[in-house]
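Trainee: need a structure here:
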Amino acid sequence: MTEDKEEEAALALWCAELEYRRKKQWDIFVWAATLLVASIGAVFALAVKGEFKFAWGPRFGFAVALLGVAAYAWRWIDLNIDFEKKARTNLVGLYKVPRTKPSDLPDPDTPVLFGYVQIILGLGFAAAVVVLVPPECYGIK
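Mentor: Numbers count the residues shown, from 1 in each chain. This next block holds a predicted model:
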């Protein structure tokens, strides 16, 4: 294999890895956000019907489980961000097209106000609060 073919194959590999990691982050985010929003909706639906009358033990267990889902998704997304960083670094190192700067490829290290992790943690916290706060406290009898 010639050097150009090897570079081309390496570029294709790292491009595919980068795409895979970004899609994986999105899939994890959608999975976790769906579970957490559905849990919030279910608690509200039960509260409106007057059927949210669980003892503190099950409530606490449910809240811990929801926080566990959020923490697991956070860690899983964060791990994929680390893999994305490695793929981006390798891709930028191989990329030799003139007039192209490494900054043209989005960097996962760039801080964001609301990213996947922040939204998942917010939803996890909200879900736990909704489960732990009695329905009477948010105006439902």
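Trainee: any idea which helix or strand comes after the helix or strand containing residue 30?
Mentor: Assigned by DSSP states H and E, residue 30 falls within helix 3-49. As assigned by DSSP H and E, the chain's next helix or strand after helix 3-49 is helix 56-94.
Trainee: against which helices or strands is the helix holding residue 30 packed?
Mentor: helix 56-94, helix 116-132 (3 or more CB pairs under 8 Å, 6 or more residues apart in numbering; DSSP states H and E). (Glycine included, C-beta is placed from N, CA and C.)
Trainee: tell me which of these lies nearest to residue 31.
Mentor: helix 56-94 (7.2 Å; CB to CB).
Trainee: any stretches of the chain with poor pLDDT?
Mentor: Scanning the chain for pLDDT under 70 picks out 1, 96-106, 109, 111-113, 138, 140-141.
Trainee: what residue is smack in the middle of it?
Mentor: Nearest to the geometric centre of the chain sits residue 29, at 3.5 Å (CA atoms, centre = their mean).
Trainee: so that residue makes contact with residue 114?
Mentor: No: look at residue 29 against residue 114 with CB atoms under 8 Å: they stay out of range, at 11.7 Å.
Trainee: related to what we said a few turns ago, closest to residue 33 out of the helices and strands packed on helix 3-49?
Mentor: Comparing the helices and strands packed on helix 3-49 against residue 33 with CB to CB, the closest turns out to be helix 116-132 (6.0 Å).
Trainee: for residue 59, see how far away the residue nearest to the centre of the chain is.
Mentor: 26 Å (CB to CB, to the nearest Å).
Trainee: check residue 40 too.
Mentor: 14 Å.
Trainee: now do the contacts for residue 35.
Mentor: By CB atoms under 8 Å, 6 or more residues apart in numbering, the contact set of residue 35 is residue 69.
Trainee: and if you look at residue 29?
Mentor: By CB under 8 Å, 6+ apart, the contact list for residue 29 reads 73, 77, 116, 119, 120.
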